[in-house]
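Trainee: Need the 3D shape of this:
(one chain, ligands or ions: 2)
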Amino acid sequence: MAQTAIEFNSVGYTYHSGTSLASSGIRDVTFTIPSGSFTAIIGQTGSGKSTLVNLIAGLSKPTTGEVTVLGQSLTKQSNKAQQAGIQQSVGYVFQFPEHQLFANTVWDDVAFGPRNLGWSTAKINQQVQTALEQVNFPTNRYQQSPLELSGGQQRLAAIAGVLVMQPQILILDEPTAGLDSGASQRLLLLLNQLHQAGVTIIMITHHLEYVAEHADRVMLMGDGQLQFAGHPQELFRNAELMKHNHVLPPAAVQLGQQLLPPGTNLPLSLNELAKKLATQLKAGEQDE
Ligand SMILES: Nc1ncnc2c1ncn2[C@@H]1O[C@H](COP(=O)(O)OP(=O)(O)OP(=O)(O)O)[C@@H](O)[C@H]1O
Ligand SMILES: [Mg+2]
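Mentor: Numbers count the residues shown, from 1 in each chain. Ligands and ions are numbered 1, 2, ... in the order given. The predicted model follows:
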């Protein structure tokens with residue numbers, strides 16, 4: 001059986017807890033994520049997605065319950081060292097990670113983490129090169145200031161700065177937001193490759209077609225609570241649960257609902273929809 005990478009046990013997080021400004025982020029969330037799986041987190045704005053992944057990454061301590069990441073436990077009582085232990089064992093690509101670039105050159109920015117760990121120069125050079133190549137960063141811009149890059153290039157540099165640490169768990173908060181479709185596709189392809197190489201991936205995303213095709217698991221957040229955790233196909237065909245949580249199913253499911261006879265197993269990709277429609281049309285022609 002696959003080992004557990006992450007476990008949440010009745011986890012709640014309240015912002016400004018204990019003050020008059022207290023506001024609930026997530027409530028009573030329980031789940032496990034197996035090592036090596038690819039989990040997508042979806043849900044409408046304000047549903048608690050970022051709050052949830054901040055807890056996985058050890059950036060905040062739960063107000064109630066217990067978070068366990070790679071065997072390290074975190075509760076309200078945990079100290080800074082315990083929190084740092086979790087932070088060091090996961091890679092976290094924030095929403096708009098380019099805001100965190102700070103070094104004089106792209107190369108130095110990506111090399112920052114490895115230098116802090118005291119790796120040898122040869123190892124640093126090799127890993128930085130590999131990380132920049134992984135994200136397809138243009139080779140002639142390695143020595144450029146991050147400030148002189150396009151938004152998409154800045155994003156790639158920031159992602160390389162996380163990959164260079166070779167994290168066992170990689171968390172990404174809407175990594176394709178603001179990227180053009182080519183850059184998005186390349187990034188999503190890279191995530192598939194990392195997943196195949198055994199990295200545990202957790203991604204907040206709105207690309208439901210991609211989720212349907214590539215994620216092993218999906219978690220739906222709604223109103224600070226976990227509304228569903230399981231296989232994407234099961235969730236996307238549950239129109240009621242999706243609607244209740246204000247998330248539209250993938251386009252293929254929506255079109256399938258309109259175009260296919262009731263009771264048909266709904267397609268999750270446009271390819272699958274096209275095949276089903278072609279079969280229907282052929283059957284129709286034969287009837288005439
Ligand atoms: N810094 C904060 N201070 C107070 N409340 C916050 C803070 N950040 C988030 N919240 C509250 O926590 C709840 C969950 O927010 P969260 O940012 O986790 O949602 P999200 O699903 O990531 O939304 P989005 O899709 O917009 O990024 C919301 O009700 C929000 O108002
Ligand atoms: Mg968010």
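
Trainee: Surely Leu226 is within a strand?
Mentor: Yes - residue state for Leu226 (DSSP: H, G, I helix; E, B strand; the rest coil) corresponds to a strand.

Trainee: if I pick it, what's in contact with it?
Mentor: Val29, Thr30, Phe31, Met219, Leu220 (C-beta atoms under 8 Å, 6 or more residues apart in numbering). Where you see a C-beta, it was placed from the backbone N, CA and C, and this is true even at glycine.

Trainee: run the last query once more with 7 Å
Mentor: Leu226 sits next to Val29, Phe31, Met219 when contact means C-beta atoms under 7 Å, 6 or more residues apart in numbering.

Trainee: The closest residue to Ser269 other than its chain neighbours is in what secondary structure piece?
Mentor: Once flanking residues are discounted, Ser269 sits nearest to Ala252: 5.4 Å by C-beta to C-beta, 6 or more residues apart in numbering. In this assignment (DSSP states H and E), Ala252 forms part of helix 251-259.

Trainee: And the strands in the stretch 101-250 of the chain?
Mentor: For the stretch 101-250 of the chain, the strands defined by DSSP state E, counting those that start in this stretch occupy 169-173, 200-204, 217-222, 225-230.

Trainee: So which residue is smack in the middle of the protein?
Mentor: By C-alpha atoms, centre = their mean, the chain has its centre lying nearest to Met203, at 0.8 Å.

Trainee: Show me what the closest residue to that one other than its chain neighbours is bridged to.
Mentor: Of all residues not flanking Met203 in the chain, Leu172 sits nearest, at 4.6 Å (C-beta to C-beta, 6+ apart). In this structure, Leu172 bridges to Val93, Met203 when assessed by DSSP bridges.

Trainee: Reformat the strands of the stretch 101-250 of the chain into JSON lines and put mean pLDDT next to each item.
Mentor: JSON lines is the format used below for those (pLDDT from 0 to 100):
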{"stretch": "strand 169-173", "mean pLDDT": "96"}
{"stretch": "strand 200-204", "mean pLDDT": "97"}
{"stretch": "strand 217-222", "mean pLDDT": "98"}
{"stretch": "strand 225-230", "mean pLDDT": "98"}
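
Trainee: Out of those, which is closest to Ile124?
Mentor: strand 169-173 (20.1 Å; C-beta to C-beta).

Trainee: since we're on Pro138, how many residues are nearby?
Mentor: Residues near Pro138, counting by other C-beta atoms under 10 Å, number 12.
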